[in-house]
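*Asks:* Let me see the structure of the following:
(chains A, B and C)
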Amino acid sequence: MAVYKRTYSAYEGSFTPAWSRFLILPRYSFAHLWQSKFLVMFFMACFFYPLGCVGYIYLANNLSILSSFGLPPPVGEFLKVQPSLFLYFCYVQAAFTYVLTAFVGPSLVSPDLVNGAMPLYLCRPFSRTEYIAGKMSVLVYLLSMVTWVPGLILFVIQASLAGWEWTKANLWIAGSIFIGLAVWVLVLSLLALALSAWVKWKIAAGGLVLGVFFAGAGFGTALNSVMRTSYGSLLNLTEVMFTIWSKLFRWPSDTGISVEASWICVGVVCATCLWLLVRRVRAFEVVK
Amino acid sequence: MDPVIELAGLSVRFGNREILHNLRVSLSGRTIGLLGPNGAGKSTLIQTLLGFVPLSAGSANIFGHDIRQQTRELRALIGYMPENDSFIANLTAVSFVRMMGELAGLPHDAALERAHEVLFYVGLGEARYRLLGTYSLGMKQLAKLAQAIVHGPRLLILDEPTNGLDPPARLRMIRLIKEMKQTGSMHIVVCSHLLRDVEETCEEVLILKQGRIVHYSNLEEERRANKRFVELETVGDEKDFAGALTALGCECVGAGLGRLKMVLPAEFELREIYRLAAERDLQLRRLNYRRDTLEDIFLKAMEA
Amino acid sequence: MNDRIVLDNVSRFYGEVLGVNRVTLSVPPGITSLVGPNGSGKTTLMNLITGLVRPTRGSIQVLGISPTDPEKLFRVCGYATQFDSFPRGMTGFEFISSYLRLSGMSHDDCQRTTAFAIGRVNLGEAAHRKIAGYSKGMRQRIKLAQAIAHDPRVLVLDEPLNGLDPLVRAETIALFREFAAEGRHVIVSSHILHEVDTISDQVILLSNGYVVAEGKIHGVREEMREHPMQVIIRCTRANLLASRVFEQDHVVEVRLHADGGGLLVKTRDADRFYKALNHLALDGVGIESVAPADDNVNSLYEYLIGGEESTR
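*Replies:* Numbers count the residues shown, from 1 in each chain, chains lettered A, B, ... in the order given. The predicted model follows:
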């Protein structure tokens, strides 16, 4: 027989390995995110265009099906798989990622800062780097699943249908898909996290993610017409990404800015966002 | 006893303002109180010990580990309850405490079990499935305490634990601190500007003023010492009584309203007081040994 | 042959919600009562023992059989849940005999066994009416009959006396006593504390998913030293008895009754007190009655479970 008193007792079990701890944050974030029906449905919707592309690729490689539909061969001439297919893929999926980020991004860092929970994270064997890595991995995972992962799968499907000759000649496309979209994912993630850290009201932060692009576009165009140059477009992140992607997919670009300038712009944006993020993710604020 | 916290010339500056000057002390009690008026540097000292603020001079050790070289190991051993509001509004208490436990290294399942246990222990058992954003101030304080002890730390740092609590909640917090002290599995640092809280819970007290240590005392030893001060409250004519006591060698001082404060000579027996009182038909409503309370110590230190 | 139900560090969580946490028990044969407020984990515990729910941690053995093996387990175990739903359109007799067929008995054996079980719970003729028309008491009895029909060694019953009138209650309790005397396990959950007192051999108190106390009632009571035992004594000379009682060093409190005709004694050591009382009674104090005030499950419940306040 026994009477059990509930008292405080020290913990005497094992501990998890230190390197894996940053993964705790995405685990909790995803458990929270997948409860939103809008997100689940929108996430599914992001795969419609890639599925459409699969259909297109299949048709392009099996022109015989067209003739069975009774369409004359010249129609088949239009259905060719060119690098531009993948370029347009980037454009479309990037548009979806805007919305996804605007929805997911704001809820990542601001709940921790709004009520002063950062000291609780940092008073544990948990560094700021791990915190940022953990939060970023949520966005990186979601956005990657919607951009370069389906992109590469499309490439593999095309390669398997088109044969070894085509693949050897066009292997560079795979690299371009990956680099182009990975850079986009990185920029968008850092931007969203920085905004989430600086803007306390979640809806405002979400709006700002989109706002940054529109404002940039607006300023860029204004600058261009006032100064009669095209370098104002560097303020417009969309134009900057178009330039980079066009170069990667060997497609002529009509944005008017050079590729080198675009890459530098991307670098600057990433560095600024990272700096902003690090400024805010701190155990306490010094009041001067 | 092995020292818990050792400060060796610790100094901290913000810009060109020096917040902590050359702090030098060795603390080894079960419960350590950190007292001082607002702005004395108590919170800065705690933030320095946690590694949030860099030292500008000197060094400090906790459990023998240097706080600069072994910050990460130390953080695994420390539980911290911050002074300000600290919670994540859209998590339930169980999720919150569980996540904090996992971040401290507990495995997934153990963290859930301990989260439930610890929330029951602090008294949030009924409310643990509710969102933290719906909690009252007292409950948020308890939730902060729960996240500080979930991973079984060796050193628990409580920054103003009774801040904003109503009297029953304050009593509950003090009781919890005393219970945790008695389990013997951790050292507790209580940082407060409220004397009563520190007096009820702590064995050692460090008093800070304007970034300097103005007093250090071991309350346990003080309580065991001096028993020659006595306070009486009488009903009846106490002047004659006081006179008789003085004749026997006591130093008597009237404090108004029938109160007498006395210093007894070395060999005096308390029975004598009662004999004199019985002779004069005097009632002794209150009889107290009075030792230097923390309040006296504190006021003396502030004047220094 | 293993004759215990053993739970070893068993926990069951439903996501984040606590069912039971770290339960370690070894239940001997006899009548064991599960006592606790709603939501304390009684039903979860019963579901764990019968294997309807798997533990998230820990292991369970019922007479050496694991609940993950229902084929073997339900031959020795009978379960009457607290829920009141039955297959539609069946009579009581059909209900029991059809489930018995699942054990592999022949048709005639089923009929015979069913009749016997129904006789044991005293349902008689009503067994051939549809269950939909039964009263609450009859539904309880048919559930009980279903649980005992295949002659199990372990009976797990969730609030079996709920809704029974006093006569049927007494008969059902007598049935439990019969089973217990035959060396079977009877695990009963109940809210009626004074009944738990009279019928149980052991008691398990649950609160918020934790086992707060378990064992024989007197043993548990004696272990709770921070609640001294209370004894009420009615006598003619209460003051005298009080001063004599105070001479015992294990007495912590004595309170005189307002009418001056008795007292309440709180003592840390019940054995010594009762022995001393034998001598004290000879001193002309005129003892009229002696009764323990809190050596029952009601007090255990109040001290261990009722006293847990929560923050608001």
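*Asks:* Looks to me like B:T234 is in a strand.
*Replies:* Yes: remark: B:T234 belongs to a strand, assigned using DSSP: H, G, I helix; E, B strand; the rest coil.
*Asks:* The residue lying closest to it once chain neighbours are set aside: neighbouring residues, count only.
*Replies:* Counting by Cβ to Cβ, 6 or more residues apart in numbering or on different chains, B:T234 lies nearest to B:G258, which is 4.6 Å off, once chain neighbours are set aside. C-betas here are computed from N, CA, C, even on glycine. Each residue near B:G258 was counted by other Cβ atoms under 10 Å in any protein chain shown, and the total is 19.
*Asks:* From B:L282, how far off is B:G258?
*Replies:* Going from B:G258 to B:L282 by Cβ to Cβ, to the nearest Å gives 9 Å.
*Asks:* list the residues that contact both of those two?
*Replies:* Counting by Cβ atoms under 8 Å, 6 or more residues apart in numbering or on different chains, the contacts common to B:G258 and B:L282 are B:T234, B:V235, B:G236, B:E238.
*Asks:* quick one: pLDDT of the last one?
*Replies:* To tie it back to what came earlier, the one meant is B:E238. With respect to pLDDT, B:E238 has a value of 76.
*Asks:* so it touches B:L282, yeah?
*Replies:* Yes: contact criterion Cβ atoms under 8 Å: B:E238 and B:L282 qualify, at 6.9 Å.
*Asks:* The closest residue to chain C within the stretch 51-200 of chain A - nearest residue in space that isn't next to it in sequence?
*Replies:* The minimum distance from the stretch 51-200 of chain A to chain C, using Cβ to the nearest Cβ, falls at A:P111 (18.3 Å). Once flanking residues are discounted, A:P111 sits nearest to B:I88: 5.3 Å by Cβ to Cβ, 6+ apart.
*Asks:* which residues sit in contact with that neighbour?
*Replies:* Counting by Cβ under 8 Å, 6+ apart, B:I88 touches A:P111, A:D112, A:N115, A:A117, B:F96, B:L132.
*Asks:* one step back: check whether the residue nearest to B:T234 really touches B:E233, as I assumed.
*Replies:* Yes: if you go by Cβ under 8 Å, B:G258 and B:E233 touch, sitting 5.8 Å apart.
*Asks:* what's the overlap in contacts for these two?
*Replies:* B:R285.
*Asks:* Tell me the spacing between the closest residue to chain C within the stretch 51-200 of chain B and B:E6.
*Replies:* Nearest residue of the stretch 51-200 of chain B to chain C, counting by Cβ to the nearest Cβ: B:E126, 3.7 Å away. Going from B:E126 to B:E6 by Cβ to Cβ gives 42 Å.
*Asks:* now swap in A:G220 and tell me
*Replies:* For A:G220, the distance to B:E6 equals 59 Å [Cβ to Cβ].
*Asks:* how many neighbours does A:E130 have?
*Replies:* When counting by other Cβ under 10 Å, one arrives at 21 neighbours for A:E130.
*Asks:* So it sits against A:S20, correct?
*Replies:* No: taking contacts as Cβ under 8 Å, A:E130 lies outside contact range of A:S20: 10.1 Å.
*Asks:* between A:G220 and B:E6, who's got more neighbours?
*Replies:* Applying other Cβ under 10 Å to A:G220 and B:E6 shows that A:G220 carries more neighbours, namely 23 against 19.
*Asks:* Please see if the strand or helix carrying that one touches chain B.
*Replies:* Element membership of A:G220, judged by DSSP states H and E, is helix A:202-227. No: under the criterion of Cβ under 8 Å from any Cβ of the partner chain, chain B is not reached by helix A:202-227; the shortest gap measures 10.0 Å.
*Asks:* Following the chain onward from that helix, which element is next?
*Replies:* Using DSSP H and E, the helix or strand that follows helix A:202-227 towards the C-terminus is helix A:237-248.
*Asks:* who's in contact with that next one?
*Replies:* Contact with helix A:237-248 is made by A:87, A:90-91, A:94, A:176, A:179-180, A:183-184, A:187, A:212-213, A:216-217, A:220, A:233-234, A:251-253, A:255, A:257-259, A:262-263, A:265-266, A:269, as judged by Cβ under 8 Å, 6+ apart.
*Asks:* spatially speaking, which residue is in the middle of chain A?
*Replies:* Closest to where the C-alpha atoms of chain A average out (Cα atoms, centre = their mean) is A:V185, at 2.8 Å.
*Asks:* now the nearest residue to it once chain neighbours are set aside, what's its secondary structure?
*Replies:* Spatial nearest neighbour of A:V185, chain neighbours left out: A:L143 (4.4 Å); criterion: Cβ to Cβ, 6+ apart. Three-state call for A:L143 (three-state DSSP): helix.
*Asks:* from memory A:L143 sits against A:A102, does it?
*Replies:* No: contact criterion Cβ under 8 Å: A:L143 and A:A102 do not qualify, at 12.0 Å.
*Asks:* ok, back up a step: pop out the phi and psi values for the residue of the stretch 51-200 of chain B closest to chain C.
*Replies:* Main-chain torsions, B:E126, degrees, to the nearest 10: phi -70, psi -30.
*Asks:* Neighbours of it, how many?
*Replies:* The number of residues packed around B:E126, counting by other Cβ under 10 Å, is 15.
*Asks:* ok, it to C:G39 distance?
*Replies:* For B:E126 relative to C:G39 (Cβ to Cβ), the value is 10 Å.
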